[in-house]
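J.: I would like to see how this sequence folds:
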Amino acid sequence: MSEYDISDVTAGLSRRDWDDTHGGTIRFALVGVGWWTQEHVLPALSQLDVCRGTVLVSGSPEKRARVADKWDCIERAVSYSEFHDGVAADQYDAVYVCTPNATHREHVEAAAAHGKAVMCEKPMEATPERAAAMVDACAAADVPFVVGYRMQTDPVVRSLRSAIADGFVGEPVHVQGHMSQRIGDIFPDGNWRLNPELAGPGASVTDLGVYPLNTTRFLLDVEPVSVRATASSDGELFDAVPDERAAFEVTFDDGTVAHCAASQNAAFTAGLEIVGTEGAVRLAPGFFDGETQQLTLVRDQERRTLSYDPVDQMTEEFAYVAHHLLAEAEMDPTGAHGLVDVATIDAVYEAAETDERVDVSW
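T.: From the prediction side, this is the model:
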């Protein structure tokens, strides 16, 4: 494509490209009532009519009572064991799982056993084997299973995906992606993300590196083939994990190569750039919700940078899932899609440990 009007890309950046006209309300059980559920999920649900949180699930009686008292929408608060036993199952239609990674499987399998649609936070689980078991459980129960990749329901990202598919960048060549934060500043008293028994094999790639990995997969519609990686940990908070900082290279099935970096002990920043034979796109900071975003588009010797206020990504994600459930329509990203990321992350840690290129398999 020799000419491409950048205005063709920018025209639809704020529009949903899926049907949001369905009536009704999807009731969610919120499994895990940590800071993300309290500070992001419940406020997001309060902005929507198409879905609401009706049941809280937590292992802490004090937390259950305190959060339920704060939100009028909550009809019932139960323990994990009560949830697994089916208590209050008639008071919700779908389940949102937001607990430490290595506990996702038990809650997803319980939801599937109760015949409930499942929306599980990323990464799906701590190992590919456990993630695959979740996919199998939901398939056996014939319930929808989606993974909470917020970027995939962001209207700007979805518009970019369409533009790239239409040839805006030409043939994709390489990707640069990064994400970092200081986890010690966010959680000064410690956090489960630094505990391998709860988080999985690491901290930075598992929690942050998955963003450039999955967003690249979504934007380019590609799958990982092999990885190389390096990782190190020196800080006292990172004694139990190998990746206070990490850099990894992913080769995809179309030949595109992505270079990604992630750190839980670096400046709060992020970005993603995709360069092709004809043009380029860049998001900054991209992966962090709630900040003013910049989108840079390059094509035919023209460069345009737009600043915009992003949507609330959790509001958009829940709206997407609820409308699709009401329509009984297929939706992405599926559990099978999320399994690929878990397998890729597993390969990244193996590559960092062995200093060898590792094939990705799932």
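J.: Name the nearest residue to Ser162, sequence neighbours excluded.
T.: Distances taken as Cβ to Cβ, 6 or more residues apart in numbering put Asp17 closest to Ser162, at 7.3 Å, once the chain neighbours are dropped. The way it works is simple: take the backbone N, C-alpha and C, and place the C-beta from them, glycine included.
J.: my bad, should have said Arg16
T.: Counting by Cβ to Cβ, 6+ apart, the residue nearest Arg16 is Pro155, at 6.0 Å.
J.: surely that neighbour meets Arg15?
T.: Yes. The pair Pro155 / Arg15 is scored as a contact, 6.1 Å apart, by Cβ atoms under 8 Å.
J.: Can you read off the pLDDT for Asp254?
T.: Per-residue confidence at Asp254 stands at 97 (pLDDT).
J.: gap between the residue lying closest to it once chain neighbours are set aside and Val360?
T.: With Cβ to Cβ, 6+ apart as the criterion, Asp254 has its nearest non-adjacent residue at 5.1 Å, and that residue is Val222. From Val222 across to Val360, the span is 12 Å (Cβ to Cβ, to the nearest Å).
J.: now do Met179
T.: Met179 is 20 Å from Val360, where distance means Cβ to Cβ.
J.: what do you get for Thr216?
T.: In terms of Cβ to Cβ, Thr216 sits 13 Å off from Val360.
J.: again with Gln301
T.: 37 Å.
J.: picking up where we left off before, who has more neighbours, Val222 and Val360?
T.: Val360 (24 against 19; other Cβ atoms under 10 Å).
J.: related to what we said a few turns ago, the residue nearest to Asp254: what's it in contact with?
T.: By Cβ atoms under 8 Å, 6 or more residues apart in numbering, the residues touching Val222 are 172, 216, 252-254, 256.
J.: In JSON lines, list these along with secondary structure, distance to Val33 and neighbour count.
T.: Formatted as JSON lines, the entries for the contacts of Val222 read as follows, by DSSP: H, G, I helix; E, B strand; the rest coil; distance: Cβ to Cβ, whole Å; neighbours: other Cβ atoms under 10 Å:
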{"residue": "Pro172", "secondary structure": "strand", "distance to Val33": "40", "neighbour count": "23"}
{"residue": "Thr216", "secondary structure": "helix", "distance to Val33": "32", "neighbour count": "22"}
{"residue": "Phe252", "secondary structure": "strand", "distance to Val33": "37", "neighbour count": "20"}
{"residue": "Asp253", "secondary structure": "coil", "distance to Val33": "39", "neighbour count": "12"}
{"residue": "Asp254", "secondary structure": "coil", "distance to Val33": "41", "neighbour count": "12"}
{"residue": "Thr256", "secondary structure": "coil", "distance to Val33": "40", "neighbour count": "19"}
